[in-house]
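In: My questions concern the predicted model and sequence given below.
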Amino acid sequence: MPSVKISFLHISFDDGTVHRMTAFTIDELVELEHAGWQSLCESRGGSFYGELLMPDAVFILVNGMVMTRDEIAESLDGAPGWDSYEISQPRIVDAGPEATALVYKATSTRGDLAEPFTTVMTSLYRRIEGQPRLAVYQQTTITH
């Protein structure tokens, strides 16, 4: 039976191959993003992101605005909810030990918008004490 050595974020096989493990799986991060979008649809995003965000986290919005964790938590509860959203083309980017970025296309609709809001989203997650925490979130528009 071949021997396998597991070290921090790497698996080495006796044939010399080494496989790097990421801090998160794509399914885990997509599930977190769906939970975040659902909170935005239900106008309770402030509560959701207030718990998920690291203390020094930032949101970088499509208009160039940079918001802190406290600003995000204060602004999202009660904000107009999204009517629908779709996540497509998700992929992960390893960002080092205990950190992974999720990049995906999002299309969302709301009654007060004339056209769907379509962006590329990037969410950088860190694992802190075993729990996922969002460190940086950025929107890049592809509709304007």
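Out: Structure's in. What do you need?
In: going forward, measure contacts and count neighbours with C-alpha atoms only.
Out: OK.
In: pLDDT at the most centrally placed residue in the chain, what is it?
Out: Most central in the chain under Cα atoms, centre = their mean is residue 123, positioned 3.3 Å from the mean C-alpha point. Per-residue confidence (pLDDT) for residue 123: 98.
In: how about the strands of this structure, start to end?
Out: 4-7, 10-13, 18-20, 53-60, 66-68, 84-94, 99-109, 117-128, 131-141 (DSSP state E).
In: Of these, which is nearest residue 75?
Out: strand 66-68 (9.7 Å; Cα to Cα).
In: and that closest one, how far from the chain's centre?
Out: 16 Å (Cα atoms, centre = their mean, to the nearest Å).
In: Pull out the buried positions in it.
Out: 67, 68 (16 or more other Cα atoms under 10 Å).
In: And the contacts of that strand?
Out: Contact partners of strand 66-68, identified using Cα atoms under 8 Å, 6 or more residues apart in numbering, comprise 56, 57, 58, 59, 60, 61.
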